[in-house]
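> dropping a prediction and its sequence here:
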Amino acid sequence: MSNRQSAHIRPLRDIAQALGLLENELVPYGRLTAKVDLAVLKRLAGRPHGRYVLVTATNPTPMGEGKTTIAIGLAMALYRQGRRAVVTLRQPSLGPVFGIKGGGAGGGRACLVPLEEVNLHLTGDAHAVATSHNLLAAFVDNHLFHGNSLGIKSEGISWPRVMGISDRALRPRFVITEASEVMAILALAGDHADLRRRLGRIIIGLTGEGRPVTAEELNCAGAMAVILKEALCPNLLQTCEGTPAFVHAGPFGNIAHGNSSVLADAIALRCADYVVTEAGFGSELGAEKFFHIKCRASGFRPHAVVVVTTLRALKLHGGAGAAQPGKPLPPALLRPNQEALTRGICNLEQHIANMKAFGVPTVVAINGFPEDSLDERRYVREQALAAGAFAAVVATPWADGGEGATELAHAVEAACAQPSSFAPLYADTAPLKEKIGTIARRLYGASGVAYSPQAEAGIARLCALGLGHLPVCMAKTPLSLSHDAGLKGRPSGFTVPVRELRPFAGAGFLTAICSGVQLMPGLPKQPAGERIDLDPETGEIVGLS
């Protein structure tokens, strides 16, 4: 941990005390991390909820656009202004940490501490998820080996194994841990009893007669719940300025529901004036799933949304240059280019329209870089306001910490004071194809949806099983509003190809997988892990940011 990151670190007991948490409600994991006992929810049940702020983004470059950094910076800025503020985030996945993006705990003067632990194992929750998931896979195999009394159809088994790092050689029998239904359940469960019920509802496959077989029938759900007992409790940490932070669960934003846990938000909302949470990737992915899946599970209603963008991302959408995963951004995206910015601003306009469609006041945050043109920043602010944003400001928390997000904090407070008419875009009772079509047309800009024969059969099967009322989790590329990473800007007239549908009955949603999507990512040509090492003299981790 650098001196810059540790300048404002406070004893964790002080962080807990500021939130109104009692010492006996903490289970320490070292000096700077603790799990919070879920009993606190009962003790604080009568407290009013704070303001609920979601941070999302435009479609990013492969390097990301600093959404987590902005979320952390916003919470720190609110805290500086005397507000009780908390940031709630997903735990980074080891796949991207050692793969394309590197660490996912913020950066510069707006990061979480202890930074290395957050990016690696933290309290071991992801490992517990993988173990619980793979235990069920072992139970399935064991049941087949010992006679298959339930009559499970071998080709009907839909429960893979999981691993926590990106490894394309394991496709298709493995998915990454963050795409596991168990991870989704961890993020959506309301307490230990709900966790146990959800695990029991997991469908691992079908019998020869087409009847679903569950984890409960395999007598495995109880053991899975035991493995996850401690993992269900949120992790309390802090930012590098001593602002409280909860880091819990880590579903991917493009192939899973992309949001941190309901329980972390439930505790934070009872302890704070403002809770800043983040959803994975762009508004058409993580934010859509926040509204349609997480808010349905929690019952919480957002007061404001922040859409993060950068000049470089908008220029990418305007055709200024190509960005390759695992490689530095080309200079063409970093230097002034008003023509490309003018062409690419349409991507931001779609994301503003997406958030307005849900009825939530929207603030645009331009994550500022030193090379940014002031005229180009001014242009983006003007266009964002013209597109219907409540406010549009520049934020520089990476360089300036919470101070660099002061204007953003003022804008968010003002947005939260506005009336919010939040509502989902589809009803639970809507037909399954209507739900998928609504997302594709209204949020992606598609003209329609095409279903493979496998997807058509999957829809018929899910409806016959009585699961058609569940919300949909779309799995697609994060690099475009469409299903095609090569379609930049604000594409239209395209058709979204849905390859298959999978039941996540325990988590409470159905996953629609678009063509070309892999549930087990691969590493880039130059993985971030090549830069990570131990200092042989100090034993400290280097190269992890």
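Right, received. Where do you want to start?
> contacts, neighbours, all on C-alpha from now
Will do.
> what's the burial count for residue 170?
Residue 170 has 16 neighbours, counted by other CA atoms under 10 Å.
> what pairs with the residue nearest to residue 28 when sequence neighbours are not counted across the strands?
Closest residue to residue 28 in three dimensions, ignoring its sequence neighbours and counting by CA to CA, 6 or more residues apart in numbering: residue 34, at 4.1 Å. Beta-bridge pairing of residue 34 under DSSP bridges involves residue 28, residue 236.
> quick one: residue 34 from residue 254, how far?
Applying CA to CA, to the nearest Å, the value for residue 34 to residue 254 is 29 Å.
> and what of residue 344?
Counting by CA to CA, the gap from residue 344 to residue 254 is 22 Å.
> paired strands for the helix or strand harbouring residue 511, with orientation please.
Following DSSP states H and E, one finds residue 511 within strand 509-514. Take DSSP bridges as the rule and strand 509-514 pairs in its sheet with strand 472-475 (parallel), strand 495-504 (antiparallel).
> let me have those strands in CSV, extended by distance to residue 530 and mean pLDDT.
Shown next, in CSV, are those (distance: least, CA to CA, whole Å; pLDDT from 0 to 100):
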stretch, distance to residue 530, mean pLDDT
strand 472-475, 29, 98
strand 495-504, 34, 98
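> quick check: mean pLDDT across the strand holding residue 511?
Across strand 509-514, the average pLDDT comes to 98.
> helix or strand right after it?
Using DSSP H and E, the helix or strand that directly follows strand 509-514 along the chain is strand 533-534.
> flag the shaky bits of the stretch 201-350 of the chain, pLDDT-wise.
Applying pLDDT under 70 to the stretch 201-350 of the chain flags residues 326.
> switch the cut-off to 90
Low-confidence segments of the stretch 201-350 of the chain (pLDDT under 90): 321-330, 332.
> strands along that one, start to end?
Along the stretch 201-350 of the chain, counting by DSSP state E, counting those that start in this stretch, strands occupy 203-206, 212-214, 235-239, 244-247, 274-278, 304-309.
> those strands: which one's closest to residue 184?
Across the strands of the stretch 201-350 of the chain, residue 184 has its closest neighbour in strand 203-206 (14.0 Å, CA to CA).
> touching that closest one from outside, list them.
The contact list for strand 203-206 (CA atoms under 8 Å, 6 or more residues apart in numbering) reads 140, 152-153, 156-159, 212-215, 503-506.
> mind redoing it with 7 Å?
152-153, 156-159, 212-215, 505 (CA atoms under 7 Å, 6 or more residues apart in numbering).
> tell me, how many residues neighbour residue 156?
By the criterion of other CA under 10 Å, residue 156 has 15 neighbours.
> and the residue most central in space within the chain, its phi and psi?
Centroid check for the chain by CA atoms, centre = their mean gives residue 258 as the closest residue, at 2.8 Å. Phi and psi for residue 258, reported as degrees, to the nearest 10, are phi 70, psi 20.
> ok, now how distant is it from residue 126?
Taking CA to CA, one finds residue 258 at 15 Å from residue 126.
> and the helices in the stretch 51-200 of the chain?
Secondary structure of the stretch 51-200 of the chain (DSSP state H, counting those that start in this stretch): helices located at 67-80, 94-97, 115-119, 125-145, 181-188, 192-201.
> ok, residue 429 touching residue 469?
Yes: counting by CA atoms under 7 Å, residue 429 sits close enough to residue 469 to count as a contact (5.5 Å).
> more crowded one of the two?
Neighbour totals were compared for residue 429 and residue 469, and residue 469 leads with 18 against 12 (other CA under 10 Å).
> could I get the contacting residues of that one?
428-429.
> what of the one 4 residues further on?
For residue 473, the contacting residues are 256-257, 289, 509-512, by CA under 7 Å, 6+ apart.
> how about residue 244, what does it touch?
By CA under 7 Å, 6+ apart, the contact set of residue 244 is 15, 86-87, 237-238.
> quick one: it and residue 224, what's the gap?
Distance from residue 244 to residue 224, counting by CA to CA: 30 Å.
> hmm, back to that, identify whichever of the strands paired with strand 509-514 lies nearest to residue 394.
That would be strand 472-475 among those, by CA to CA, at 30.9 Å.
> quick one: the closest one to chain centroid distance?
Centroid displacement of strand 472-475 relative to its chain, using CA atoms, centre = their mean, to the nearest Å, is 13 Å.
> hmm, back to that, of the strands paired with strand 509-514, which is nearest residue 325?
Of all the strands paired with strand 509-514, strand 472-475 sits nearest to residue 325, with 19.0 Å by CA to CA.
> list every C-alpha atom in that closest one, with coordinates, as PDB.
Extracted in PDB, the C-alpha atoms of strand 472-475 (Å, rounded to 0.1, in the frame of the first residue of the first chain):
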ATOM      1  CA  VAL A 472     -34.200 -12.000 -17.900                       C
ATOM      2  CA  CYS A 473     -30.500 -11.600 -17.600                       C
ATOM      3  CA  MET A 474     -29.000 -10.900 -21.000                       C
ATOM      4  CA  ALA A 475     -25.400 -12.100 -21.800                       C
END
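> residue 367 and residue 394 touch, don't they?
Yes: taking contacts as CA under 7 Å, residue 367 lies within contact range of residue 394: 6.1 Å.
> for residue 458, what are its contacts?
The contact partners of residue 458, by CA under 7 Å, 6+ apart, come to 500-501.
> same thing with residue 270?
Residue 270 neighbours (CA under 7 Å, 6+ apart): 44, 47-50.
> just the buried ones from these?
Buried members of the contacts of residue 270, scored by 16 or more other CA atoms under 10 Å, are 49-50.
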